[in-house]
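Chemist: below are the sequence and a predicted model for it; my questions follow.
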Amino acid sequence: MSKAAETDWFELIHTPIDISSAIRHVRDDHDGAIVTFDGFARNESRGRRTLYLEYEAYDSMALGKMREIGAQLHQKFAIHRVAILHRLGRIEIGDTSVFIAVSAPHRAAAFDACRFAIDTLKRTVPIWKKEYFEDGAVWADGELPPAPPSSPKAAS
Amino acid sequence: MAGRPPPGYNFCVPPVLSKVRVKVLLFGRLREVTGLTEEAVDVPADSTLSDVFDQYSARFPQLAGFRASLVASRNQEFATWDSRISADDDIAFLPPVSGG
């Protein structure tokens, strides 16, 4: 399935995400299933009404980490194609911020891979969300990416 | 050491540790605290990522409080704080990520 990776789609997008084109992109007659994850802006956070969100990324690294996730999916699961799209900039309530689509001949692999993709993205892709409320704004708490093991040559 | 030293060479000056230029990128709350998105800086050639961060917290004292919650990266890969830098590295100090 390594050839399929060439048709994967990873992108950081500053305009609304076109969900249907992402689904069409991964859909193929060899497949029997597509599982998608649609992450969109919720109207509240811990009881405070959210007005809108703003996302920023370390673009080059974020894209690299999204591609790594795609490569891991092909290694771990019997899937066909992957699309991982993340939006940046201001996002209104109800707008999609991240969309993932995974196609596979059989559904189990597609479900597992899609879940793995969003869970890994939230831990390892350098993107940050700021939540704007009526009375202020905060950077979301977020997750600390796993630190690599100390390099022996750097230890002194 | 054959030959004569270049004119003006002063043997009394201790050797100066050479510096290298790296690019430092700041995101999210670090960008807001410092007002910087990226800049080229000259740092001692044998610096670790931790040393570079210390140089920034000396300039921006509020940064020190973030240290425990940050992860460092070097050339678009997560890196340990004890990693040594090289010339032209892209170095970033990353707050906890919250994409998705």
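Modeler: Nice, I can see it. Just so it is clear, the structure is predicted and the values come from calculations on it, not from any experiment. Residues are numbered from 1 along each chain as shown, chains lettered A, B, ... in the order given.

Chemist: the helices in chain B, which residues?
Modeler: For chain B, helices defined by DSSP state H occupy the ranges B:28-34, B:49-59.

Chemist: again with chain A
Modeler: Under DSSP H, chain A gives helices at A:19-26, A:59-76, A:107-124.

Chemist: other SSEs contacting the first one?
Modeler: Same thing as helix A:19-26. For helix A:19-26, the packing partners by 3 or more C-beta pairs under 8 Å, 6 or more residues apart in numbering or on different chains; DSSP states H and E come out as strand A:9-13, strand A:33-40, strand A:82-87, strand A:96-104. Yep, even glycine has a C-beta here, placed from its N, CA and C like the rest.

Chemist: can you check the second one too?
Modeler: Using 3+ C-beta pairs under 8 Å, 6+ apart as the contact definition, the elements that helix A:59-76 packs against are strand A:9-13, strand A:82-87, helix A:107-124.

Chemist: make it 10 Å
Modeler: strand A:9-13, strand A:48-57, strand A:82-87, strand A:96-104, helix A:107-124, strand A:127-133, strand B:77-79, strand B:90-94 (3 or more C-beta pairs under 10 Å, 6 or more residues apart in numbering or on different chains; DSSP states H and E).

Chemist: of all the ones you listed, which one comes closest to B:L17?
Modeler: Nearest of these to B:L17, taken as C-beta to C-beta: strand B:90-94 at 18.3 Å.

Chemist: tell me the strands beside the closest one, with direction?
Modeler: Here strand B:90-94 has these sheet partners by DSSP bridges: strand B:19-26 (parallel), strand B:71-74 (antiparallel).

Chemist: and the last one, how far out from the chain middle?
Modeler: Right, the one you point to is strand B:71-74. With C-alpha atoms, centre = their mean, to the nearest Å as the basis, the distance from the averaged C-alpha position of strand B:71-74 to the chain average is 11 Å.

Chemist: what does it contact?
Modeler: For strand B:71-74, the external contacting residues (C-beta atoms under 10 Å, 6 or more residues apart in numbering or on different chains) are A:58, A:61, A:126, A:144-148, B:22, B:25, B:48-50, B:52-53, B:78-86, B:89-97.

Chemist: give me that answer again for 8 Å
Modeler: A:58, A:61, A:126, A:144-145, A:147, B:49-50, B:53, B:78-81, B:83, B:85, B:89-94 (C-beta atoms under 8 Å, 6 or more residues apart in numbering or on different chains).

Chemist: got it, and the first one?
Modeler: Residues external to strand B:19-26 that are found in contact with it (C-beta under 8 Å, 6+ apart): A:58, B:34, B:36-45, B:52, B:56, B:85-93.

Chemist: and it, average pLDDT?
Modeler: For strand B:19-26, mean pLDDT is 97.

Chemist: kindly report the same for stretch B:62-69.
Modeler: 94.

Chemist: low-confidence ranges in the chain?
Modeler: You didn't say which chain, so I picked chain A. Counting by pLDDT under 70, the ranges of chain A that qualify are A:1-6, A:147, A:149-156.

Chemist: if you could check chain B rather than the one you did, that'd help
Modeler: In chain B the weaker segments, taking pLDDT under 70 as the threshold, are B:1-16.

Chemist: residue closest to the middle of it?
Modeler: B:V52 (3.1 Å; C-alpha atoms, centre = their mean).

Chemist: which bits of chain B sit near chain A?
Modeler: Residues of chain B found near chain A (C-beta under 8 Å from any C-beta of the partner chain) are B:25, B:27-29, B:48, B:69, B:71, B:73, B:76-80, B:82-84, B:92, B:94-100.
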